[in-house]
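Engineer: what follows is a predicted structure for the sequence shown.
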Amino acid sequence: MSIEKDLGEFDRISHFFAPLAQGRKGAFSLTDDGALIDDVPRDGSMVATMDTLVEGVHFLTASPPETVARKLIGVNLSDLAAMGARPHSCLLSLALPRNIDDSWLASFAGTLRTMQDEFSFAVIGGDTVATPGPLTVTLSALGHIAAPGRVLRRSAARPSHGVCVSGTIGDGALGLIAARGGLTELDGNDRAYLIDRYNHPRPRIGLGRVLANLAPETVGGVCDISDGLLADLGHIGEQSGVRFDIDATRIPLSPATRHALDRDPSLIETVLGGGDDYELVFTLGDTSPGFIEKIIAAGQVDVHVIGHADATPKANDDGIPLVSARDERGERITVIHPGYSHF
């Protein structure tokens, strides 16, 4: 079907988004008021999450549709990864300003199809509206937990646990700075790498599934790093009643981030609290090298031990933060903004 002029609302749904529901009979080709979810395995549980991305807040103004789609899917599936869930389906809501045409929607839907194929989920419903404001995209993602009691939570960290992270930390936050025209002292390859990491999160679904299959006494609190390493580890601390001590020299960094820190050491605050990493931070009862290597092999992503958990006073009224990061001299690093907050 060729498009000579922009389609109306229902033709857009039929042309761009109904193909994303193929294979899910309960979606009714997006022609009904709702969808049936009748292909859920009998055992286990469903996990639901939702994220909204606003142009100029979560992605840059005039970002290409491929970037918007990849980020929308990436941040939602990262939440599923943090719960140990396998992606199942999603509901998509789009608030479209007038400058969004059918060509934009075609590219957006094409990228959604690519990510569906990669992560094995389907769009089963949603909504589209016009808006005079910025482009706003929302996804509600559903995932499946294979067995009862295997869901990962933030509340299971213990004082004896080690703290681990996947991938590399700080790339997303530095990528935003680069995308806004900063970090000009870096070479083009480093800037391009960081911008790509900001624009295109890599949800660690495989690692989440590996952690969910560990013995409950081995795996502890888990959270995806969206707001910042210190802030999101602090969420685990709050829910688990523990405090964390982090060795900043052990935090895994990409070559591009190392180059940025070499030129401006003060960027360590951005690395620790900038967010947009969409890696997993989690605690384990066993952090022996052999055990970590098994997790790396099964999850297909690097994992590093960066610190440990300690008991914390119930009221946390001694003035010591829930998460302390220390430099190579063992001194606490002062971080004014440990994480992103909308309000």
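Structural biologist: Structure's in. What do you need?
Engineer: what does the helix or strand bottoming out on mean pLDDT in the chain contact?
Structural biologist: Considering only helices and strands, the least confidently modelled element of the chain by mean pLDDT, DSSP states H and E is helix 9-12, at a mean of 81. Under the criterion CB atoms under 8 Å, 6 or more residues apart in numbering, residues D102, L105, T128 lie in contact with helix 9-12. To be clear about C-beta, it is placed using only N, CA and C from the backbone, and glycine gets the same treatment.
Engineer: and it, what's buried?
Structural biologist: Neighbour counts using 16 or more other CB atoms under 10 Å place R12 of helix 9-12 among the buried residues.
Engineer: from the contacts of helix 9-12, which is closest to G188?
Structural biologist: When those are compared for distance to G188 (CB to CB), L105 wins out at 31.5 Å.
Engineer: could you find the closest non-adjacent residue to the closest one?
Structural biologist: With CB to CB, 6 or more residues apart in numbering as the measure, F16 is the residue that lies nearest to L105, at 5.0 Å, once sequence neighbours are left out.
Engineer: confirm that neighbour sits in a helix?
Structural biologist: Yes - following the definition DSSP: H, G, I helix; E, B strand; the rest coil, F16 is counted among the residues of a helix.
Engineer: hang on, isn't it packed against T111?
Structural biologist: No - counting by CB atoms under 8 Å, F16 stays clear of T111, with 11.4 Å between them.
Engineer: follow-up on the earlier one: tabulate the contacts of helix 9-12 (CSV), appending pLDDT.
Structural biologist: Supplementary listing: these in CSV, determined by pLDDT from 0 to 100:
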residue, pLDDT
D102, 95
L105, 96
T128, 93
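Engineer: can you tell me which of the residues you listed are in helices?
Structural biologist: Within the contacts of helix 9-12, residues falling in helices by DSSP state H are D102, L105.
Engineer: of the contacts of helix 9-12 - the most surrounded one?
Structural biologist: The most crowded member of these is L105, carrying 21 neighbours; neighbours defined as other CB atoms under 10 Å.
Engineer: please enumerate the strands of the stretch 151-300 of the chain.
Structural biologist: 162-166, 219-224, 242-247, 280-284 (DSSP state E, counting those that start in this stretch).
Engineer: report the angle between the second one and strand 280-284.
Structural biologist: Spelled out, it's strand 219-224. For strand 219-224 and strand 280-284, the angle between their directions (axes from the mean of the first three to the mean of the last three CA atoms, to 10 degrees) works out to 170 degrees.
Engineer: same check on the third one?
Structural biologist: Counting by the same axes, to 10 degrees, strand 242-247 points 110 degrees away from the direction of strand 280-284.
Engineer: domain parsing of the chain, as residue ranges.
Structural biologist: 9-145, 162-326 (automatic domain parsing).
Engineer: circling back to that earlier point, show me what the next helix or strand after the least confident helix or strand of the chain pairs with in its sheet, parallel or antiparallel.
Structural biologist: For helix 9-12, the following helix or strand on the C-terminal side (DSSP states H and E) is strand 45-54. According to DSSP bridges, the neighbouring strands of strand 45-54, each with its direction, are strand 136-145 (antiparallel).
Engineer: residues in contact with the partner strand?
Structural biologist: 37, 40-41, 44-55, 68, 72-73, 76-77, 79-80, 83-95, 121, 151, 212.
Engineer: how far out from the middle of the chain is it?
Structural biologist: Centroid separation for strand 136-145 versus its chain: 12 Å, with CA atoms, centre = their mean, to the nearest Å.
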